[in-house]
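Participant: kindly return the folded structure for what I paste below:
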Amino acid sequence: MQRECGEKLVEAGDTSDAVKIERFADMRLVGQMHEISVPLPDGPLGTDNLSELLATFEQEYTRLYTHLYDGARIEAINWRVRCTGQSPTFSTAMDLAVGDNHGRKGSRRIYAPDAGKMIDAMVYDRYALRPGAVVTGPAVIEERESTTILPSGDRAIVDDAFNMRLTLAAHGVGKVVVAADTALKEAVARIESDPIGLEIMWSRLINITEQCWHTVIRTAFSLIIGEAQDFACEILDARGKQIAHSPRAMPVFNLTLPVAIQAMIERFPSQELHEGDVLITNDPWLCAGHLFDVAIAVPVFRDGRVVAFVGVVGHVSDIGGTKDDLKAREIYDEGIQIPPMKLFRAGQPNEDLFELLGKNVRQPDQVLGDIHALVAAGVTGAERIKEFMSEYGMHDLEALATGVQGRAETVMRREIAALDDGVYEHVVQGDGIDDMVSYPIRVTVDGDQISVDFAGAPPQTDRGGSNSTLSYTMAHATYPLKCIFSPEVPGNAGCYRPMTVTAPAGSVLNCNRPVAVNTRIRTGWYIGPNIFSALAQAAPEKVQAFTGLPSMAVFYGRDADGLIYSDHLFQGGGQGASYHADGKSGLLYPTSAANTSIELFETRVPALVIEKSFIQDSGGAGRRRGGLGQIIVVRKLFDDDHPCQVGLYPNGVMATMPGLFGGKGGSRAQALVSNGHGEAKNLGIGGLTQLTATDQRAELSLAGGAGYGDPLSRLYDDVQADLDEGYVSAEGAERDYCCIIDNQGLIDRDASDRLRGRKNPA
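Facilitator: Below is the predicted model:
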């Protein structure tokens, strides 16, 4: 590789002898999907310097992700050589803008935080500033890419390479915003007096949650977390109230994670916590509704006191218990329960708990690896928050939390108040265990408050696990309201203060321990569409039609080497259409998860995906069309004596959900298993089956989204585009949209006008 690299340099015209050689290894923990690049030690790689390579990896991994747990296995997957020749010389000459020699364009007024008022500032053209130019604040330097604002006392100097070097005045460094003796009222007023600064600090906290999100992605082991992204990261105040939520995090955790954090705080009050403590729980009634969702809380200390928490929750790939979820009758059937506990004590892992978890799951390396990924994200977030507080001179985050939560609440109340007061009701039909079930809903708008009542909800079920805990129900009720009323405001606790959610105790939407809850999505995912339908008449431009619910296939077994595999193939249906647009196809709503990568799935499971495609005509017809559902067909990879167990769980099997304002429903979901002889078994609402030969097929069809508006008002251009893309067949275009298609696949618009006129006479 070194020789080939050197030859490339010669081909490129490099004739120097001073070639710099660098060698790297792309390394990761066994089971992870992302790697880091580390330099190799000098000389041939062998047993005498392997420990040096491992030590380099451990040091870099710890720097990036806070810790490397004992027993982690390390692998190198790529070897790289980089050869660098003589650096070319280049000119920084550029065409200068026309103007005076100082680049002045004029002046305008800007806000001066130090003075607390608007002041006059000179405006400069960045492209007219020549090397040696000095600009002293207050000033504004404008360019196409950005705008630089220099407060009083700051200075910018343009160097010989046309870089702009900034010198900041001393008053801006280490400025105390909230001291230990600052009263809360005064601290809040101080923060809110600078709206730009408040926005910047709020954005910084959101950015920290994004750093946590990336840490999970890059250190996770399972497809359900690392690929489907079924997890969330949040920053909460010292009481466990949400301040910032990662924008790409699973939205249903918007309420369930704070509930879990508050439960852990109640069990371990702040005064009993120490630096390095990490709390954990997966209690469905305290957390996210089923045992697979494991929540982590990392306290953030400043001056010896807890000032915030970083919360991270993720769906681990296995939690023990039965693999046949629809047969579970109690929570005890579904896996190991973790009450609020300390996973780490003062930085030291609770080895007893880790060992207990490892013995109760099918893939301990994967599950424990994911839990360590959640911990790494939480600790990373805690470190970034401490840096943030030091930079802004904050003794605690209470004043900032009050400010951002208050602003979010104000917007939410204003938007609710703009809706007509009233009681809005609807009933949605969903899949039960044996028959369809009805979920009535009543949404009441009263001034700037809104309430959701599920009176009349079916009683909790004694098998199948489709029971929803109240926290899970509340999360799925508040999320669509957030989407309707303040979609552009970053989520925090303030958004949900004007909302109340109630459901009868002992119902399927507020179940009592110890009923089974693992498949609670089969109930909870109907809540959002129910709310949208109830509020459709009041807010027609802010709702969407029914979405074809996501579904999954879960694969279990042992491969030819005797190793256990257990992975999810999580896929989305068609999104419901809205006033503004067609629904997206293959979208996992109401989650924000991603469709599991087929390629990654096939590297984990000895199975082959032989079809993954959109289902033609599956999107509900309307002025706006529902998104298409999709079909996934899988077989065993090898014709051997290692059976593959498959759990197929379609959602939306029994009922076709109508669209809004005349829109039609999308296709239903379906799960089939074929035996290779043309015979197929319909699994109904799903279950656990087994593939023993390569000619058997596991087939999962996901429902399409419903349409919005009268199909006969859909523009011909839109129908033609659907025909061209294969989303709608010629037969479907005529049946649903009264469009006559000629032999070239084009709409005969005159004939179609006549047909539409007969179907819908004026």
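Participant: now Gln86, nearest residue through space, not along the chain?
Facilitator: The spatial neighbour of Gln86 that comes closest, neighbours along the chain excluded (Cβ to Cβ, 6 or more residues apart in numbering), is Ser16 at 4.1 Å. Using the backbone N, CA and C atoms, a C-beta is placed for each residue, glycine as well.
Participant: tell me the pLDDT at the residue nearest to Leu273 when sequence neighbours are not counted?
Facilitator: Leaving aside its sequence neighbours, Leu273 sits nearest to Pro299 (Cβ to Cβ, 6+ apart; 4.8 Å). Note on Pro299: pLDDT of 98.
Participant: pairing partners for the helix or strand containing Pro299, with directions?
Facilitator: According to DSSP states H and E, Pro299 maps onto strand 293-302. Paired neighbours of strand 293-302 in the sheet (DSSP bridges): strand 278-281 (antiparallel), strand 305-315 (antiparallel).
Participant: so how far is the first one off the chain centroid?
Facilitator: Between the centre of strand 278-281 and the centre of its chain there are 21 Å (Cα atoms, centre = their mean, to the nearest Å).
Participant: now swap in the last one and tell me
Facilitator: If you compare the mean C-alpha spot of strand 305-315 with that of the full chain, they lie 17 Å apart, counting by Cα atoms, centre = their mean.
Participant: between strand 293-302 and whichever helix or strand comes after it, find me the angle.
Facilitator: Per DSSP H and E, the first helix or strand lying C-terminal to strand 305-315 is strand 341-345. Strand 341-345 runs at 50 degrees relative to strand 293-302, counting by axes from the mean of the first three to the mean of the last three Cα atoms, to 10 degrees.
Participant: pLDDT averaged over the helix or strand just after strand 341-345 - what is it?
Facilitator: Counting by DSSP H and E, the element after strand 341-345 in chain order, helix or strand, is strand 348-349. Taken as a whole, strand 348-349 has a mean pLDDT of 96.
Participant: packing partners of the very next helix or strand once past strand 348-349?
Facilitator: Later in the chain than strand 348-349, the nearest helix or strand by DSSP H and E is helix 351-359. Other helices and strands packing on helix 351-359, by 3 or more Cβ pairs under 8 Å, 6 or more residues apart in numbering; DSSP states H and E, are strand 341-345, helix 364-392.
Participant: output the contacting helices and strands for the last one.
Facilitator: To tie it back to what came earlier, the one meant is helix 364-392. Looks like helix 364-392 contacts helix 195-219, helix 223-226, strand 231-237, strand 278-281, strand 293-302, strand 305-315, strand 341-345, helix 351-359 (3+ Cβ pairs under 8 Å, 6+ apart).
Participant: reformat these as TSV; add mean neighbour count and distance to Tyr565.
Facilitator: As requested, these are arranged in TSV below (neighbours: other Cβ atoms under 10 Å; distance: least, Cβ to Cβ, whole Å):
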stretch	mean neighbour count	distance to Tyr565
helix 195-219	19	20
helix 223-226	26	11
strand 231-237	28	21
strand 278-281	25	26
strand 293-302	26	20
strand 305-315	26	17
strand 341-345	19	26
helix 351-359	14	17
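Participant: these: which one's closest to Asp420?
Facilitator: With Cβ to Cβ as the measure, helix 195-219 is the member of the helices and strands packed on helix 364-392 nearest Asp420 (31.4 Å).
Participant: now that closest one against strand 293-302, angle please.
Facilitator: Put simply, helix 195-219 runs at 130 degrees to strand 293-302, going by the same axes, to 10 degrees.
Participant: within the sheet, what are the partner strands of the helix or strand where Ser451 lies, with directions?
Facilitator: Using DSSP H and E, Ser451 sits within strand 449-453. Strand pairing for strand 449-453, using DSSP bridges, gives strand 436-446 (antiparallel), strand 499-502 (parallel).
Participant: avg pLDDT for it?
Facilitator: 98.
Participant: what average pLDDT does the next helix or strand after it get?
Facilitator: Going down the chain from strand 449-453, the next helix or strand is helix 470-485, by DSSP H and E. Mean pLDDT, helix 470-485: 95.
Participant: distance between helix 470-485 and the chain's centre?
Facilitator: 16 Å.
Participant: list of residues touching that helix?
Facilitator: 251-256, 259, 284-289, 412, 415-416, 450, 452, 454, 468, 491, 495-496, 499, 501, 503, 509-510, 520, 524-525, 527-528, 531-532, 535, 539, 542-543, 590 (Cβ atoms under 8 Å, 6 or more residues apart in numbering).
Participant: how about 7 Å then?
Facilitator: Applying Cβ atoms under 7 Å, 6 or more residues apart in numbering, the contact partners of helix 470-485 are 251-252, 254-256, 259, 288-289, 412, 415-416, 450, 452, 491, 495-496, 499, 501, 503, 509-510, 520, 524, 527-528, 531-532, 535, 539, 542-543, 590.
Participant: any chance of the strands paired with strand 293-302 in CSV, plus distance to Glu351?
Facilitator: Converted to CSV, the strands paired with strand 293-302 look like this (distance: least, Cβ to Cβ, whole Å):
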stretch, distance to Glu351
strand 278-281, 13
strand 305-315, 21
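Participant: list the buried residues for stretch 263-275?
Facilitator: 263-265, 268, 273 (16 or more other Cβ atoms under 10 Å).
Participant: and it, average pLDDT?
Facilitator: Here the average pLDDT along stretch 263-275 is 96.
Participant: endpoints of it, how far apart?
Facilitator: This stretch, stretch 263-275, spans 19 Å end to end (Cα to Cα, to the nearest Å).
Participant: so what's the gap between that stretch and the chain middle?
Facilitator: 28 Å.
Participant: ok, and what's touching it?
Facilitator: 238, 240, 279, 281, 286, 297, 299, 301, 306, 340, 342, 346.
Participant: roughly how far does the first one sit from Val428?
Facilitator: In this case it means Ala238. In this view, Ala238 and Val428 are 39 Å apart by Cβ to Cβ, to the nearest Å.
Participant: outline the domain layout of this structure.
Facilitator: 19-83, 104-161, 195-409, 547-714 (automatic domain parsing).
Participant: got the ones you listed as JSON lines, with distance to Gly422 columns?
Facilitator: Shown next, in JSON lines, are the domains of the chain (distance: least, Cβ to Cβ, whole Å):
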{"stretch": "domain 19-83", "distance to Gly422": "49"}
{"stretch": "domain 104-161", "distance to Gly422": "42"}
{"stretch": "domain 195-409", "distance to Gly422": "22"}
{"stretch": "domain 547-714", "distance to Gly422": "18"}
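Participant: neighbours around Leu374, how many?
Facilitator: 29 (other Cβ atoms under 10 Å).
Participant: quick revisit: neighbour count winner among Ala238 and Val428?
Facilitator: Between Ala238 and Val428, counted using other Cβ under 10 Å, the more crowded position is Val428 (22 against 18).
Participant: for the more buried one, what is the enclosing helix or strand?
Facilitator: Val428 is part of strand 422-431 when elements are defined by DSSP H and E.
Participant: partners of that strand in the sheet?
Facilitator: Using DSSP bridges, strand 422-431 pairs in its sheet with strand 436-446 (antiparallel).
Participant: show me what counts as buried in the partner strand.
Facilitator: 437, 439-443, 445.
Participant: buried deepest among the helices and strands packed on helix 351-359, which one?
Facilitator: Mean neighbour count, computed with mean count of other Cβ atoms under 10 Å, is highest for helix 364-392 among the helices and strands packed on helix 351-359, reaching a mean of 22.
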